[in-house]
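Asks: coords below, sequence missing:
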DNA sequence: ATTAGTAAGGAAGGTCTACTAACAAACATG
DNA sequence: CATGTTTGTTAGTAGACCTTCCTTACTAAT
C-alpha cells in the first residue's frame, strides 16, 4: 500500500476505522447494466417490441435499438416477426430472447452420496440428466468426479452452453471459492475458477440453499423484496433475497439456520423431549428436528394423527425461530422446499400460525409462508438461475 | 399504460408474476457515484492528495482531478496546502472536505413528550440545541411544532445547511412518507416532501432505529457488512445495515423486533413469570421486558445482585431472539444503544453468551455484541448521517 | 380512393464521462 | 549537478446515451 493521509481531520471522532468496500463505476458498467435490463424484461415479460422495452426500461428507443442490435448480433435475441394484434401506427416488430437456443449445465451437490446434474434450457426445462455416485470419494477425488460429470453434461448439450452452475452445501464466497464444505472435504478450494479453467466454460458456484432462493426468485416468481427459502434435505439451510440480491453475510455464511438452538433445558421443563445431539457437536439444533432424516425418524411407524402432531410441533419450533427473522427483515415471503408430504401439512400450517402469533400483526399478517414453486428439480433450477444471474445479469 | 406483450413465451412456467424493480443507469449516475466515492474517502480518511484518491478509488488521476475541481467549485472541498512529510517526487497538495464549513439540522422524535433537535457539523459535532415540548399535540399540530423547531434550528446555524434529517418512530418509506406513526397520529404523511417545500431545504426522514444504525455505521465506525443496532428507549427498535445499505423490508417495517413474542405459556411452565400485556394488544413481547420503562420498573428498589439477575434474564431473552437473526444473516456486529447502566452489564454479557450458545460456533464466535459508539446524541447523529447519505452520498 | 393521424424504427449530431499519453513542476538523492 | 520520482495538468480518444428529425407502415376518417 501507500503511505496515506494524516490520521484524521479535527472533529473526526474515530471515524473510518473499518474498511469500506467501495468501487468505481464506469460508463461501460452502466451499459452492461442496461443491457441486462433489456434481457431481464425479455426473459420475464416474453417477446416485446423495441418500443415496449423502451417504455418499460425508461431508456430511449434509440438506445434500446442499439442494445437490441448488439444482443441480436451475439445471438442471444432474435426478431420474431410482426405483432399480430392490429392497432394504429406502424406494427411492432417483436424481439425475444432465444431461451431455447442456449443451454445451461446445472449441478446439485446437496446429496452426500451422489452428484446430480442436468442440461437445462434458459427457462429451466430439463433436457438431459446425469447422476454419478461419489462412492465415498472426497477432496480432490470428489472434484475430479464433479469435473467428469460436468464434461459429460457439456457433451450432452445440443446447444451452446452459457455456463455451469453448481449449488453446493458449505460456506462459499462470492467468487466461488469453497471456504469450507466438510462433507466433501473441501477447504479454501477455488472451485469456480478451477473448473472454469479446466472446462473452458464460465462456472458459478454458490451455497445450495442460497441458489435455491435465487431459483425461486428467478423461476418461481417469488418476490425479491424480502424472500427467505428454507431448504429441508439431509440438513437444513436457507437463502435470503433482499432488494433483489442474495444476502451473503460477513463470512459468506448467511442462511445457516440449521444450527440455531430450539430445544434447551428450559424447553424440556416446559414439556419438550430431551434435545437431540447434533452433528455440529451441540444439541437441540433446529436441524435435529427439521431435516429429512429427522422427520422420517419422527414419523416412521406413526399413525397419521400422531405424525401430524409431531410435524406440528416441529412447525412450531420453526415458527419460533423464524419470527425474529421475519420481524427484523420485514420479510414478504418464506418458502419451504422439500417433500410436500412432510412439509406441506401440519408443519407448514403450524409454522405460519406460530410466526403470526409471535410477530407484530402488521408484519405477520401479510406474510406468505408456502411451499416453493419449484419441484424436485428446485436445486437444479437454482444452479441454472445462478448462471443466468452471473453470465447474463438476469434474475 | 400500453397494451403490452403477449402473455408469455413457450417454456415460461409462470415466470415474471411479480413486479421487478428495475432502473436504468446513465453515465451521469456513474459520475454521481464516483463523486460520492471521492467525498466518502475524504470524509473517512481525512485530507488526501488527488493522487491518493486516485489510488484508493481506482479512478485515474485525471478523473479525480476533474471531480475534485467540481467539488472545490461547489465549496464542498478545499485545498489545504502541501503535505508536510517530505518524500521523493513532487510534494502532494492535500485536499479536504470542508466538514466544518457546512452544517446539518438533526431532529430526534423518539421521545413522546418533546422534540429534540440540534445543529451539527458534518462530522457530527453539536453546535446548538433546541428542545420543544409537544404538550400532547398530534397530527398536523405536531407537524407545525416540528416545522417551527426546524426553522429555529436553521436560524441558529451559522454555516450553510446541507439538509434536515429527522429520525422518527413509526413506519417510514424510502421517500420519507410516514406510513404510520401512532404516537404522533401520523398516517400516510409525506413528511419529507412537505417540510422540504415549507423550509426550502432538503429533508430526509427515516425510522429512528434505522437512522441510529446508519449513524453507528457512518460516525461510529461500525462495519457495514452485517450490522444490527438495537435501540432501547421508550420502546424497542432495531436497524440493520447489510452491504452498506439499510434494510427496509417489504412494508418499510424492517427492524420492528420489539413485538416478537419471547414469553409465552411454555416459558411460564419453564419458570418464567407471566407474560406482561403489551401496548400492541398481545402479551409477552420483547418490548415488555426490554425498554427503559420495563427495565426501570424491573430494577427499581432491587439490590445490585437482584438487578443483575433480572437484567441477565432479559439479556437471555434478547439473545434467544437475536440468535436466529444472527444466524440467518451471518451478522458481524450487534450494537446496543441506550443507558449503559442498564444495558452494558449483565444484560449485554448474558445476551452475547446466549447468542453464542445458540448459534453455530462459526457464526457466533466472531460476533461482536457491544454498546454503540455514539453517546446520548446517537439519535441525532443518525439523523445527521441520514442527510450525509441522502445529500452527499457519504455513509 | 384519399388524406390524416399514429406509432415504430433508424440516422445524424451533440453532450458527457472517463480513459491513455505526454508533459511540466517540484523535490530527494547519488 | 544530473537523475529519478511523484504530482497534477493538458490534449486527444472512445464509449454511452440523449435529442431531433426522418422514413415506413398501418388505421381511421372523409
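Replies: Cool, got the structure. Note that the structure is predicted; figures quoted are calculated from it, not measured. Residues are numbered from 1 along each chain as shown, chains lettered A, B, ... in the order given.
Asks: rest of the way, CA atoms for contacts and neighbours
Replies: Fine.
Asks: next, the angle from the longest helix along chain A to helix B:304-329.
Replies: Counting residues, the longest helix in chain A under DSSP state H turns out to be helix A:304-329. Inter-element angle recorded for helix A:304-329 and helix B:304-329: 100 degrees (by axes from the mean of the first three to the mean of the last three Cα atoms, to 10 degrees).
Asks: name the SS class of residue A:154, please.
Replies: Applying DSSP: H, G, I helix; E, B strand; the rest coil to residue A:154 yields a three-state assignment of helix.
Asks: count the neighbours of residue A:378 for me.
Replies: When neighbours are defined as other Cα atoms under 10 Å in any protein chain shown, residue A:378 has 24 of them.
Asks: for it, which non-adjacent residue is closest in space?
Replies: Nearest-residue entry for residue A:378: residue A:212, 6.4 Å, with adjacent residues in sequence omitted and distances by Cα to Cα, 6 or more residues apart in numbering or on different chains.
Asks: beta partners for the closest residue to DNA strand C within the stretch 201-350 of chain A?
Replies: Among the residues of the stretch 201-350 of chain A, residue A:245 lies closest to DNA strand C, at 24.5 Å counting by Cα to the nearest atom of the strand. Note on residue A:245: beta-bridge partners residue A:242, judged by DSSP bridges.
Asks: hang on, it packs against residue A:223?
Replies: No - between residue A:245 and residue A:223 no contact is recorded; they are 11.1 Å apart, counting by Cα atoms under 8 Å.
Asks: ok so, going back, let me know the secondary structure of the residue nearest to residue A:378.
Replies: Look at residue A:212: counting by three-state DSSP, its state is helix.
Asks: swap in residue A:231?
Replies: At residue A:231, secondary structure determined by three-state DSSP is strand.
Asks: residue contacts, it?
Replies: For residue A:231, the residues meeting the contact criterion (Cα atoms under 8 Å, 6 or more residues apart in numbering or on different chains) are A:209, A:212, A:237-238, A:336-338.
Asks: highest neighbour count among those?
Replies: Of the contacts of residue A:231, residue A:212 is surrounded by the most neighbours, 34 neighbours in total, counting by other Cα under 10 Å.
Asks: residue A:227 is in contact with that residue, correct?
Replies: No - counting by Cα under 8 Å, residue A:227 is not a contact partner of residue A:212; they are 11.3 Å apart.
Asks: thinking again about what came up before, distance between the longest helix of chain A and the chain's centre?
Replies: When distances are taken as Cα atoms, centre = their mean, to the nearest Å, helix A:304-329 is centred 22 Å away from the chain's centroid.
Asks: in it, which residues are buried?
Replies: Of the residues in helix A:304-329, those buried by neighbour count under the rule 16 or more other Cα atoms under 10 Å in any protein chain shown are A:307-329.
Asks: that helix near chain B at all?
Replies: Yes - judged by Cα under 8 Å from any Cα of the partner chain, helix A:304-329 comes into contact with chain B at A:321-325, A:327-329.
Asks: show the model's pLDDT score for the residue nearest to residue A:378.
Replies: The predicted local confidence for residue A:212 comes out at a pLDDT of 95.
Asks: wait, does stretch A:172-189 make contact with chain B?
Replies: No - Stretch A:172-189 lies out of reach of chain B by Cα under 8 Å from any Cα, never closer than 10.8 Å.
Asks: off-centre distance for that stretch?
Replies: In terms of Cα atoms, centre = their mean, the centre of stretch A:172-189 is found 17 Å from the chain centre.
Asks: could you pull up the mean pLDDT of stretch A:360-376?
Replies: Model confidence over stretch A:360-376 averages 92 on the pLDDT scale.
Asks: neighbouring contacts of it?
Replies: Surrounding stretch A:360-376, the residues in contact under the criterion Cα under 8 Å, 6+ apart are A:216, A:219-220, A:229, A:326-327, A:330-338, A:340, A:343-344, A:348, A:352, A:355-357, A:381, B:253, B:256, B:259-260, B:280.
Asks: buried only: go through those residues for me.
Replies: Applying 16+ other Cα under 10 Å to those flags A:216, A:219-220, A:229, A:326-327, A:330-338, A:343-344, A:348, A:352, A:355-357, A:381, B:253, B:256, B:259-260 as buried.
Asks: picking up where we left off before, what's the following helix or strand after the longest helix of chain A?
Replies: With elements assigned by DSSP states H and E, the helix or strand that comes after helix A:304-329 is strand A:333-337.
Asks: who are the packing partners of that next one?
Replies: Applying 3 or more Cα pairs under 8 Å, 6 or more residues apart in numbering or on different chains; DSSP states H and E, one finds that strand A:333-337 contacts strand A:227-232, strand A:368-371.
Asks: for the last one, buried residues please.
Replies: Residues of strand A:368-371 classed as buried under the neighbour-count rule (16+ other Cα under 10 Å) are A:369-371.
Asks: got the residues you listed as TSV, with distance to DNA strand C columns?
Replies: Written out in TSV, the entries for these read as follows (distance: Cα to the nearest atom of the strand, whole Å):
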residue	distance to DNA strand C
A:369	39
A:370	39
A:371	39
